[in-house]
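**Q** predicted model and sequence follow; I will ask about them next.
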Amino acid sequence: MATIETDSESRREWDSGEDQAPDGAARGSALPPGPDATIDAHHHLWDLQGLRYPWLVGPPVRGHFGPYEKIRRDYTIERFLHDVRNQHVVKSVHVEAGADPADAVRETRWLQGVADRHGFPHAIVAHANLAADDVAGTLEAHCAFANVRGIRMLIRRPGELRKDDPGGSLMGEPAWRRGFARLGALGLSFDLQASPSFMVEAAVLAADFPDTPIVLTHAGLPLDRSVDGLHAWRRGMRRLAERPNVWVKVSGLPMTDWHWTVESLRPLVLETIDTFGVNRAMFGSNFPVDGLYSDYDTLVDAYRTITAAFTPGERRAIFHDNALRFYRL
């Protein structure tokens, strides 16, 4: 059994026996959920007065999510809880929200305070520059907070993630890989944001670090809907799904389809789940970013409509149990 002690006197344990999920993601324990109980495995909060978010307060960036003036304002836990109020969201996972990298630990400290006061979020995926000389200290500082479960660092090099300019990857750089290698020893997972051009390299990374749980966010960002673009997406998704330590989030698809409908999302959602299997796919709202395109109820109802033919157990896995296991909730 590996145990991590933190300054907050909280403990996180990973058993090496029957109670551990395959490939490094420990099983959570909870009472059996109701049929509609939902864990939102990917959302953001931001406080524009308390932290610095260059993309929200500075000049707008050209990104794959389009114009975003609507969300360039505080998104607090109160607003999130209001948005989710009709969907039986029982737990949530906060993913770092693009704060200034110098504020990464401050963001985690703030989020832990929010969780302590409001009960949400139940897990925190923090930011760390894995290539930095002081990454060990940053990771230890994050682990001092009880709800920290993983790290996300965007792997692209300069250039916004767009169909016409995917940028370059950091995954092959020795310093970055040394930082990534520290995650497993600390019991941290990695949220991987990779478009198809990065997926083969990401699959190699997953094979090199088989004990580090990785979850691919936003269904691999199928931005290019041409025949060739979708072929590249499918090829990359299959390569990643071959690695048993890689899971996937059914999230963020509206960023790739600003005028989405249930029918336009349906093939991508179903193919994502089919590629990884119902036991390695989890729902995430990507709110408030996906709130640029619809309200929360419309989004979740669309995902439920698309998966209506699944068995109750399969739907419970996607909307609740898989996030519970992966993030050790």
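**A** Cool, the structure landed.
**Q** any idea of the mean pLDDT in the helix or strand harbouring residue 184?
**A** In this assignment (DSSP states H and E), residue 184 forms part of helix 174-185. Computed over helix 174-185, the mean pLDDT rounds to 96.
**Q** sec struct for the nearest residue to residue 109 once chain neighbours are set aside, please.
**A** Distance criterion CB to CB, 6 or more residues apart in numbering; nearest residue to residue 109, sequence neighbours excluded, is residue 145 at 6.8 Å. C-beta here means a position set from N, CA and C on the backbone, and glycine is covered the same way. Taken by DSSP: H, G, I helix; E, B strand; the rest coil, the conformation at residue 145 corresponds to coil.
**Q** now do the helix holding residue 184: distance to the chain's middle.
**A** 19 Å (CA atoms, centre = their mean, to the nearest Å).
**Q** for the residue nearest to residue 68 when sequence neighbours are not counted, list the residues it contacts.
**A** Closest residue in space to residue 68, ignoring its immediate chain neighbours: residue 292 at 6.0 Å, by CB to CB, 6+ apart. Taking CB atoms under 8 Å, 6 or more residues apart in numbering as the criterion, residue 292 is in contact with 65, 66, 67, 68, 70, 71, 254, 258.
**Q** what is the neighbour count of the fifth one?
**A** Neighbour count for residue 70, taken as other CB atoms under 10 Å: 10.
**Q** just the pLDDT for it.
**A** 96.
**Q** nearest residue to it other than its sequence neighbours?
**A** residue 292 (5.9 Å).
**Q** repeat for the second one
**A** Using CB to CB, 6+ apart and skipping the chain neighbours, the partner closest in space to residue 66 is residue 258 (5.6 Å).
**Q** tell me how far the one you found lies from residue 55.
**A** The spacing between residue 258 and residue 55, counted by CB to CB, to the nearest Å, is 18 Å.
**Q** cool, and residue 323?
**A** Taken as CB to CB, the span from residue 323 to residue 55 is 26 Å.
**Q** please name the bridge partners of residue 38.
**A** Taking DSSP bridges, one finds residue 89 as the beta-bridge partners of residue 38.
**Q** and it, how many neighbours?
**A** Around residue 38 there are 25 residues (other CB under 10 Å).
**Q** is it true that it touches residue 87?
**A** Yes. Assessed by CB atoms under 8 Å, residue 38 is found in contact with residue 87 at 5.6 Å.
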